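>>> Task: produce atomic coordinates for the following.
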Amino acid sequence: MLVKSPAEMEILRYIVSLFGQGHNLSEIARMLNKQGKPSKQGKRWYSRVVGQILEREGYYTPCVHPKIARVCDINVSAARARELNAQGLSLRDIAERLTKERHIPQRAKEWHAATVRSLLRRPVGEVRKSAAEVARELRNGGASLRQIGRALTEQGYTPPRGGRWHPATVMHLLDPM
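The predicted model follows:
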């Protein structure tokens with residue numbers, strides 16, 4: 001059975017009265033420390049401890065901030081970017097809207113026009129093969145490096161450094177070492 005200590009009950013009543021007068025947790029902790037009233041362990045008072053005591057006694061409910069939903073799926077972000085693009089928004093406006101709507105880019109805090117452009121270039125629907133896989137299939141089928149480059153361009157693949165597919169770029173794609 002727990003026995004209530006009169007000294008602890010006096011401090012508890014004092015904390016409750018200060019809170020009832022409108023003092024915040026930090027002010028209460030500061031006042032207790034100034035007056036030299038020791039905590040249960042004989043140490044300093046902290047606002048967190050005062051809050052826990054008031055919460056336990058039913059006088060205080062801590063603020064719980066709701067978790068903000070974020071969209072981290074690149075395909076969902078791409079679909080939303082396409083919707084905004086269809087409305088006639090500029091790349092910059094789409095970037096601002098995606099950031100505001102909590103769509104999170106893969107390697108940044110916010111969207112920029114260039115990353116929105118890459119989003120809009122993403123294929124719709126199913127996951128597509130990498131450029132290297134397509135190139136290997138075409139090469140195994142007997143296509144030349146130039147033909148593979150044309151096919152990759154037609155299917156919407158861009159070289160790693162941008163520009164056009166040249167035979168040397170395709171060769172490097174097939175055998176990167």
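>>> Could you list the domains of the protein?
The chain breaks down by automatic domain parsing into domains covering 6-57, 74-121, 131-174.
>>> In JSON lines, list those domains along with distance to Cys63, mean neighbour count and mean pLDDT.
From N, CA and C alone the C-beta is placed, and that goes for glycine too. Converted to JSON lines, those look like this (distance: least, Cβ to Cβ, whole Å; neighbours: other Cβ atoms under 10 Å; pLDDT from 0 to 100):
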{"stretch": "domain 6-57", "distance to Cys63": "10", "mean neighbour count": "15", "mean pLDDT": "89"}
{"stretch": "domain 74-121", "distance to Cys63": "21", "mean neighbour count": "16", "mean pLDDT": "87"}
{"stretch": "domain 131-174", "distance to Cys63": "48", "mean neighbour count": "15", "mean pLDDT": "88"}
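>>> wait, which of those is closest to Val64?
Across the domains of the chain, Val64 has its closest neighbour in domain 6-57 (11.7 Å, Cβ to Cβ).
>>> Which neighbouring elements make contact with the longest helix along the chain?
Looking across the chain with DSSP state H, the single longest helix is helix 6-20. Counting contacts by 3 or more Cβ pairs under 8 Å, 6 or more residues apart in numbering; DSSP states H and E, helix 6-20 packs against helix 25-34, helix 47-57.
>>> Adding distance to His112, write these out as TSV.
Converted to TSV, those look like this (distance: least, Cβ to Cβ, whole Å):
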stretch	distance to His112
helix 25-34	40
helix 47-57	40
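>>> Among those helices, which comes closest to Tyr157?
Of all these, helix 47-57 comes closest under Cβ to Cβ, at 55.4 Å.
>>> residue contacts, the residue nearest to Leu25 when sequence neighbours are not counted?
What sits nearest to Leu25 in space, not counting adjacent residues and going by Cβ to Cβ, 6 or more residues apart in numbering, is Ser47, at 3.9 Å. Neighbour list for Ser47: 24-26, 28-29 [criterion: Cβ atoms under 8 Å, 6 or more residues apart in numbering].
>>> what's the answer for Ser39, then?
Residues near Ser39 by Cβ under 8 Å, 6+ apart: 32, 45, 49.
>>> just curious, which of those residues is nearest to Leu152?
Nearest to Leu152 among those, with distances taken as Cβ to Cβ, is Val49, at 64.5 Å.
>>> related to what we said a few turns ago, dump the domains of the chain to a markdown table, plus distance to Val64.
Below are those laid out as a markdown table (distance: least, Cβ to Cβ, whole Å):
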| stretch | distance to Val64 |
| --- | --- |
| domain 6-57 | 12 |
| domain 74-121 | 19 |
| domain 131-174 | 46 |
